[in-house]
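Q: Fold the following, please.
(one chain, ligands or ions: 1)
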Amino acid sequence: MNQQELLQLASKKIEENKPLIAKDFNRLQFHLMPPVGLLNDPNGLIYFNGAYHVFYQWNPFDTTHGAKFWGHYTSKDLISWEEQPPALVPSEWYEKNGCYSGSAVEHNGKMYLFYTGNVKNEHNERQTYQCMAVSSDGITFEKKGPVIYLPDGYTPHFRDPKVWQQNGRWYMVLGAQNDQEEGQVVLYTSLDLENWEFKGPLAGGNLNGLGDFGYMWECPDLFRLGAQDVLLVSPQGLEPAGHLYQNLFQSGYFIGNWTPETNQYEHGPFIELDRGFDFYAPQTFEDDQGRRLLYAWMGLTDDTEAYQPTIANGWIHALTIPREIEIKGNKLYQKPAVELTHLRKSLDFQQQVSIENEVKTWTEINGTVSEIRLEMSQMEGTHFEITLRENLKLRFNQAEKLFTLERKSFKDGTTESRSCELPILTDIHLFLDTSSIEIFLNGGQEVMTARFFAEPFEQTITFSSNGKIDVFIEKWSL
Ligand code: FRU
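A: Now for the predicted structure:
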């Protein structure tokens, strides 16, 4: 199908699905979602000409993965978003099975998109092309076709270009699988964005003594933060280890030092960015205020996708809230972008309370779409627990120094959990949407993200502890 036909078909799908979406109580209130169909990775994050642009992987035609479009939202304030026409549709031979993930940069007042043209040939073999598209207004894009072809030594699992400028040069990292079927990040450089020189692997494979670390690395992002170089990456093929790597695929980062001239990257250990159930393919960008903001897909390609109830209403998945990231010590901290305070409609509860051997509930705290902050001042028991809407349970076990999130599985309603080690608990910051939760612990030292599907009328939020706990609680309706 040509571009016009694909665009028309997509807008027909959007229109047809509007009544279903309007009655879906799981539709989120303050997260970016597809108007219809399936959303996955955030793409092309950029602040351009006074507006934030968030593009995303989008299959308008089904709630499964297919030939992806780039959907597009813009905002002046990170709060109210405008839906724009799709930026890229898979109309050309070099992208016919999907305009896959990528990034955006500004150059001479224009916006340049870099993305992967995904092609399956007649024998169902994959081909990959790194492509470029240009725009003057940030809304309509002119495709320039492939600028990079697959180099020797790599399989066609070679994708997700992230481009940036540093000291007058352009750089690109790509997610890759080498011929030994090891996941890697590779580097290219360019002086003009059109001619790219291959500089070889930057991380993964056997570099830096990492050893066996997955068969494919997706969606890399390399950026300087403070005095360090952070590499985000989404490796596939890590085995669960204790509380680590519990999801099918992981997303995390290395902190280190990268030398552009030699492409040496010395780095520390891989650290997971989020310890919940639904988080993948994070990407960052620097905005006009010099903040490094992160969005991720609040989902994952795994066997739970098929059980999400929103499928019945013609859509699936969402992006996380925007999070500002900072380095503290050897860790990335994430905190909700400060603009999110503008979502607050009313302060329903603000009190210093004590809880001891009882289940406490306050009617003002009950609800669905809300922000809740807790500051712990004293904790004598071993357990502190919050239950939400008869579906989620958050528990800090002080004796084991473990924070656990439980939810009812989409598949069969049984309880499933994710845990992370936490030496002490000082504060909890929750962002609750109709069917999602984002939990920021200790000022963003750990974050847990999950979708959950509770009964719409069930709004109870309770607190309990097996010893005296003093806590300052604030709750806003959003
Ligand atoms: C990550 C990913 C990317 C790819 C895109 C396709 O979720 O698999 O590697 O470009 O999704 O939609």
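Q: Let me see the mean pLDDT of stretch 322-334.
A: Throughout stretch 322-334, pLDDT has a mean value of 97.
Q: buried set for stretch 268-280?
A: Across stretch 268-280, burial judged by 16 or more other CB atoms under 10 Å covers 270, 272, 273, 274, 275, 276, 277, 278, 279, 280. Bear in mind the C-beta positions are built from the backbone N, C-alpha and C, glycine included.
Q: and the residue of the stretch 301-450 of the chain found nearest the ligand, what does it touch?
A: Taking CB to the nearest ligand atom, the ligand has its nearest neighbour within the stretch 301-450 of the chain at residue 301, 6.1 Å off. The contact partners of residue 301, by CB atoms under 8 Å, 6 or more residues apart in numbering, come to 40, 65, 248, 249, 280.
Q: Just confirm the fourth one contacts residue 235, I think it does.
A: Spelled out, that is residue 249. Yes. The criterion here is CB atoms under 8 Å, and residue 249 meets it with residue 235 at 7.4 Å.
Q: Which residues are in contact with each of those two?
A: With CB under 8 Å, 6+ apart, residue 249 and residue 235 have common neighbours residue 218.
Q: what's the burial count for the nearest residue to residue 291 once chain neighbours are set aside?
A: Leaving aside its chain neighbours, residue 291 sits nearest to residue 324 (5.2 Å; criterion: CB to CB, 6 or more residues apart in numbering). Neighbour count for residue 324, taken as other CB atoms under 10 Å: 19.
Q: Surely residue 324 touches residue 335?
A: Yes. Residue 324 lies in contact with residue 335 (CB under 8 Å); the separation is 5.5 Å.
Q: quick one: residue 7 is in a helix?
A: Yes. Secondary structure of residue 7 (DSSP: H, G, I helix; E, B strand; the rest coil): part of a helix.
Q: distance of it from residue 117?
A: Counting by CB to CB, to the nearest Å, the separation of residue 7 from residue 117 is 18 Å.
Q: show me the contacts for residue 81.
A: Residue 81 neighbours (CB under 8 Å, 6+ apart): 32, 54, 73, 74, 75.
Q: still on that earlier bit, which ones among the contacts of residue 301 map onto strands?
A: 40, 280 (DSSP state E).
Q: Can you say which of the contacts of residue 301 are buried?
A: Applying 16+ other CB under 10 Å to the contacts of residue 301 flags 40, 249, 280 as buried.
Q: Going by distance to the ligand, which of those wins?
A: Nearest to the ligand among the buried ones among the contacts of residue 301, with distances taken as CB to the nearest ligand atom, is residue 40, at 5.0 Å.
Q: May I have the residues that are in contact with the nearest residue to that closest one once chain neighbours are set aside?
A: With CB to CB, 6+ apart as the criterion, residue 40 has its nearest non-adjacent residue at 4.2 Å, and that residue is residue 57. Taking CB under 8 Å, 6+ apart, we find residue 57 in contact with 39, 40, 41, 43, 68, 69, 70, 71, 100, 101, 297.
Q: let's see 10 Å
A: 34, 38-43, 65, 68-71, 98-102, 115, 281, 297, 317 (CB atoms under 10 Å, 6 or more residues apart in numbering).
Q: Please indicate which of those residues are buried?
A: With neighbours counted by 16+ other CB under 10 Å, those contain buried members at 34, 38-43, 68-71, 98-102, 115, 281, 297, 317.
Q: So which of the residues you listed would count as near the ligand as well?
A: 40, 41, 68, 100, 101, 281 (CB under 6 Å from any ligand atom).
Q: Give me the buried stretch members for stretch 163-177, please.
A: 163, 164, 170, 171, 172, 173, 174, 175, 176, 177.
Q: and if you look at stretch 464-471?
A: Applying 16+ other CB under 10 Å to stretch 464-471 flags 464, 465, 466, 469, 470, 471 as buried.
Q: Of the residues you listed, just say which sits nearest to residue 187.
A: residue 471 (47.7 Å; CB to CB).
Q: Who is residue 75 paired with across the strands?
A: Under DSSP bridges, the beta-bridge partners of residue 75 are residue 52.
Q: export the contacts of residue 301 to a markdown table and tack on pLDDT?
A: Formatted as a markdown table, these follow (pLDDT from 0 to 100):
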| residue | pLDDT |
| --- | --- |
| 40 | 98 |
| 65 | 96 |
| 248 | 96 |
| 249 | 97 |
| 280 | 98 |
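Q: and after the helix or strand hosting residue 171, which helix or strand comes next?
A: Per DSSP states H and E: residue 171 is located in strand 169-178. With elements assigned by DSSP H and E, the helix or strand that comes after strand 169-178 is strand 183-190.
Q: State the distance spanning the first to the last residue of stretch 364-376.
A: Start-to-end span of stretch 364-376 (CA to CA, to the nearest Å) is 20 Å.
Q: Just the buried residues of that stretch, please?
A: Neighbour-count burial for stretch 364-376 [16+ other CB under 10 Å]: 364, 365, 366, 367, 368, 369, 370, 371, 372, 374, 376.
Q: now do stretch 185-195
A: Applying 16+ other CB under 10 Å to stretch 185-195 flags 185, 186, 187, 188, 189, 190, 193 as buried.
Q: And the pLDDT at the residue nearest the centre of the chain?
A: The centroid of the chain falls nearest to residue 296 when counting by CA atoms, centre = their mean (1.0 Å). In this model, residue 296 is scored at 98, pLDDT.
Q: which secondary structure element contains it?
A: Short version, using DSSP H and E: residue 296 is in strand 292-297.
Q: circling back: who's in contact with the residue nearest to the centre of the chain?
A: Residue 296 touches 41-42, 219, 232, 234, 251, 273-274, 278-284, 319-323, 334, 447, 449, counting by CB under 10 Å, 6+ apart.
Q: Enumerate every residue touching the residue of the stretch 251-400 of the chain found nearest the ligand.
A: In the stretch 251-400 of the chain, the residue that lies nearest the ligand is residue 281 (4.5 Å; CB to the nearest ligand atom). Contacts for residue 281 were tallied using CB under 10 Å, 6+ apart; they are 40-43, 57, 101, 160, 175, 218-219, 221, 232-234, 249, 251, 295-297, 299-301, 319.
Q: likewise residue 251?
A: With contact taken as CB under 10 Å, 6+ apart, residue 251 is in contact with 218-219, 232-235, 272-274, 279-282, 296-297, 300.
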